[in-house]
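Colleague: Sequence and predicted model, in that order:
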Amino acid sequence: MSALTAIIGGTGLTSLSDLVIEKRESLTTHYGDPSSDLMFGKLHGHDIVFLARHGDPARVPPHRVNYRANLWALKTAGVSSILAVAAVGGITPAMAPSKIAVPDQIIDYTHGREHTFFADNLRHVTHIDFTHPYTPLLREKLLASAKLAGIDVVNGGVYGCTQGPRLETPAEITRMERDGCDLVGMTGMPEAALARELEIAYACCAVVANWAAGKQAGEITMEEIEANLRQGMADLAGILRHWVES
Ligand code: HPA
């Protein structure tokens, strides 16, 4: 099995325009079907695999993503590191809309998701270490790529993962801020933990789509989310150009 890098694209990234697709594989796993075909190809001359987390077109909501099938399919394809791209809401002042953050911690507020491979037919009970939920070396690579691209990303932050698909109430965001969350998203878990269970290196590029509920006057609109994601994804494309080289 060869070492291969994958990009999991989230909201606003159902396909990578710079990816020259060489092969699409529709895999199934004993956990079910991944969200999309695996797209194998070259990004700026380097082999990568792309998976659309919400499907392409995007129809799978965060709480229905089959995270186990996605991770298992990538592992089966020989993937040894994953860059997870995720749209998030910004809670703390540095996390302004259209910014990119590379979080370093997670708090999991999700429930009822299939969140582990270590449940059935075990030879022994297994607990993964999750002190560093994002692989430090991969985070460093991402930060170095952003620097080369001249894009000012936020180094670190706590990603709070909510169940969705609804956005949060301001009271929930206030509680999350008290807990120490800087960012709020709906897909970071169990994805990161499943990657660790399969010993796949994993880091997250969190693109801030909006101020979290209650952090600006008025309601959150899909129009503002889309406009901020367009800007953030353009910056991400610049980072990826350097990232595949490293
Ligand atoms: N909350 C949760 N997930 C999100 C948000 C948000 O405000 N924005 C984009 N994804």
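Modeller: Good, I have the coordinates. Numbers count the residues shown, from 1 in each chain.

Colleague: how much space is there between the residue nearest the centre of the chain and residue 70?
Modeller: The residue lying closest to the centre of the chain (CA atoms, centre = their mean) is residue 84, at 3.2 Å. Distance from residue 84 to residue 70, counting by CB to CB, to the nearest Å: 10 Å. (Each C-beta comes from the backbone N, C-alpha and C, glycine too.)

Colleague: any residue of the helix or strand hosting the residue nearest to the centre of the chain up close to the ligand?
Modeller: Using DSSP states H and E, residue 84 falls within strand 79-90. Yes. Strand 79-90 reaches the ligand (CB under 6 Å from any ligand atom) through 87, 88, 89.

Colleague: between those residues, which is nearest the ligand?
Modeller: Of all those, the ligand sits closest to residue 89, with 2.4 Å by CB to the nearest ligand atom.

Colleague: List the contacts of the closest residue in space to the closest one that isn't next to it in sequence.
Modeller: The spatial neighbour of residue 89 that comes closest, neighbours along the chain excluded (CB to CB, 6 or more residues apart in numbering), is residue 212 at 3.7 Å. Residue 212 makes contacts with 89, 90, 91, 168, 173, 176, 184, as judged by CB atoms under 8 Å, 6 or more residues apart in numbering.

Colleague: Contact partners for residue 241?
Modeller: 18, 44, 149.

Colleague: By neighbours, which of the residues of strand 79-90 next to the ligand wins?
Modeller: Taking other CB atoms under 10 Å as the neighbour criterion, residue 88 ranks highest of the residues of strand 79-90 next to the ligand with 31 neighbours.

Colleague: How confident was the prediction at that one?
Modeller: Per-residue confidence for residue 88 comes out at a pLDDT of 97.

Colleague: Does it touch residue 160 like I think?
Modeller: No. Using CB atoms under 8 Å, residue 88 is not in contact with residue 160; the gap is 9.1 Å.

Colleague: shared neighbours of these two, anything?
Modeller: With CB under 8 Å, 6+ apart as the test, residue 88 and residue 160 both reach 183, 184, 185.

Colleague: Give me the contacts around stretch 160-173.
Modeller: Stretch 160-173 is contacted by residues 61-63, 89, 91, 106-113, 176, 179, 181, 183-189, 212-215, 220 when judged by CB under 8 Å, 6+ apart.

Colleague: among those residues, which ones are buried?
Modeller: If you count burial by 16 or more other CB atoms under 10 Å, the buried members of those come out as 62, 89, 91, 106-110, 113, 176, 181, 183-189, 212-215, 220.

Colleague: In the lengthiest helix in the chain, which residues are buried?
Modeller: Using DSSP state H to define each element, the chain has its longest helix at helix 222-243. By 16+ other CB under 10 Å, the buried positions in helix 222-243 come out as 224-225, 228-229, 231-233, 235-236, 239-240, 242-243.

Colleague: quick one: low-confidence ranges for this structure?
Modeller: Scanning the chain for pLDDT under 70 picks out 1-2.

Colleague: Tell me where it has strands.
Modeller: Ranges of strands within the chain are 4-9, 19-25, 38-43, 46-52, 79-90, 100-102, 105-108, 154-155, 158-161, 183-185, 201-211, based on DSSP state E.
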